[in-house]
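Engineer: Sequence plus predicted model, see below.
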Amino acid sequence: MDVALVALGAILVTYGWYWGGVTESRTTAYALGAFAFMLGLGFAFGAAGSDVVGATLVAFAAVFGFLAAANAWNESAQDRTFGMFALLFAIVSFFGFMYFNDNSAPGQYTYAALLAGVVFALIFISASLVHHNRGFKNLVGWVTLFAGVVLIWFGFAEALGNGLDPL
């Protein structure tokens, strides 16, 4: 089981649930902060191993989780700053995708990096470029939620014997 993928998936599910308009901001902030704290501890104590790209992705995911928690706590008062960090994480995810694809990493890492890049690019668009459009934010929230479920499945893929082949 890959705890980093499961924690990032949980962050995306929780934030998607919030942006989809289902839950309250304060309860979401606590859950996001807890998952981000788990990722931060995993990064600090070497859960990502010696892989520099994997450790970088875990660190960015932890920072993004803390920013998502702060954003939810302030009830979307800082969307543009949050969107800028989503853009940075999208770029890092796309570079991670290229790295995993070139180095024949297990398929779930390659697909997870690509999926995270697309989702965070959508979050950037929703939070920074069209931040006033509540309907698009709800749509991106539901896409984020479903992407989080897929990342959780990717985290359990090896343990369930459903490892994916590389691209």
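Structural biologist: That came through fine. It should be emphasised that the depicted structure is a prediction, and the values quoted were computed from it without experimental measurement.
Engineer: what packs against the helix or strand where L5 lies?
Structural biologist: Assigned by DSSP states H and E, L5 belongs to helix 3-19. Where contact means 3 or more CB pairs under 8 Å, 6 or more residues apart in numbering; DSSP states H and E, helix 3-19 is packed against helix 25-44, helix 52-73, helix 107-124, helix 134-156. Yep, even glycine has a C-beta here, placed from its N, CA and C like the rest.
Engineer: Give me the buried positions along the second one.
Structural biologist: Which is helix 52-73. 53-73 (16 or more other CB atoms under 10 Å).
Engineer: can you check the first one too?
Structural biologist: Within helix 25-44, the residues scored as buried using 16+ other CB under 10 Å are T28, A29, A31, L32, G33, F35, A36, M38, L39, G40, G42, F43.
Engineer: just the angle between it and helix 52-73, please?
Structural biologist: Taking axes from the mean of the first three to the mean of the last three CA atoms, to 10 degrees, one finds that helix 25-44 is oriented at 160 degrees with respect to helix 52-73.
Engineer: what's the answer for the shortest one, then?
Structural biologist: Computed by the same axes, to 10 degrees, the angle separating helix 107-124 from helix 52-73 equals 40 degrees.
Engineer: next one: helix 107-124 to chain centre, how far?
Structural biologist: 8 Å (CA atoms, centre = their mean, to the nearest Å).
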